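Novice: Got a sequence here, can you model it:
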Amino acid sequence: MASAYIIANVDVTDPTQYEQYKKLSTIAMQAQGAEVCVRGGAVQVLEGDWNPARLVVLKFPSVEQAKAFYASTEYEAAKAARAGAAVMRMILVEGV
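Specialist: Have a look, this model is predicted:
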C-alpha cells in the first residue's frame, strides 16, 4: 500500500481566525494518522515563480486515510472555522 500526501498552499487573510482552524485541523490529522512533514515553515524559491505564503505537507499511510481525513466530521469543523480566514489550495498525491 502506497503512502499518500496532502499538499496545501494557504493564503491566510485573517491570522487570528486561522488559529482556530489550525487547532481543529490538528484534531482531524491526529484522528487519521497524519504525519505533519511541513506546516508553515520558511519557503525559499529555488526555481520558477511559485512562492507560497504558507505551505503544508501531510503524509498519510494510504490514499484512503487521506481521503477519510478530508471527509471527516473533524475536518468539516476545521473547514467551517477557516471560512473567510484563508484561501486554500489543496491536492492529494499518491506516494511511492
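Novice: For stretch 65-81, give me every contacting residue.
Specialist: Where contact means CB atoms under 8 Å, 6 or more residues apart in numbering, the residues beyond stretch 65-81 that reach it are 4-6, 17, 20-21, 24-25, 27-29, 31-34, 58, 60, 90, 92. C-beta: built from backbone N, CA, C; applies to glycine.
Novice: Which of those are buried, as a ChimeraX select command?
Specialist: The buried residues among those can be selected in ChimeraX (16 or more other CB atoms under 10 Å) with this line:
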select :4,5,6,20,21,24,25,28,29,32,34,58,60
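Novice: per-residue pLDDT, L58?
Specialist: Residue-level confidence at L58 comes out at 98, pLDDT.
Novice: Kindly provide the distance from it to Q17.
Specialist: 21 Å (CB to CB, to the nearest Å).
Novice: any idea where the strands of this structure begin and end?
Specialist: Counting by DSSP state E, the chain has strands at residues 4-12, 35-39, 54-60, 86-94.
Novice: Nearest to V45 among these would be which one?
Specialist: For those, proximity to V45 was assessed by CB to CB; strand 54-60 is nearest, at 11.4 Å.
Novice: Please save the CA atoms from the closest one in CSV.
Specialist: Backbone C-alpha positions of strand 54-60 (Å, rounded to 0.1, in the frame of the first residue of the first chain) are rendered in CSV as follows:
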residue,chain,number,x,y,z
ARG,A,54,2.2,29.1,3.8
LEU,A,55,2.8,25.5,2.7
VAL,A,56,1.6,22.4,4.4
VAL,A,57,2.6,18.8,3.6
LEU,A,58,0.8,15.9,5.4
LYS,A,59,1.8,12.2,5.0
PHE,A,60,-0.8,9.5,5.4
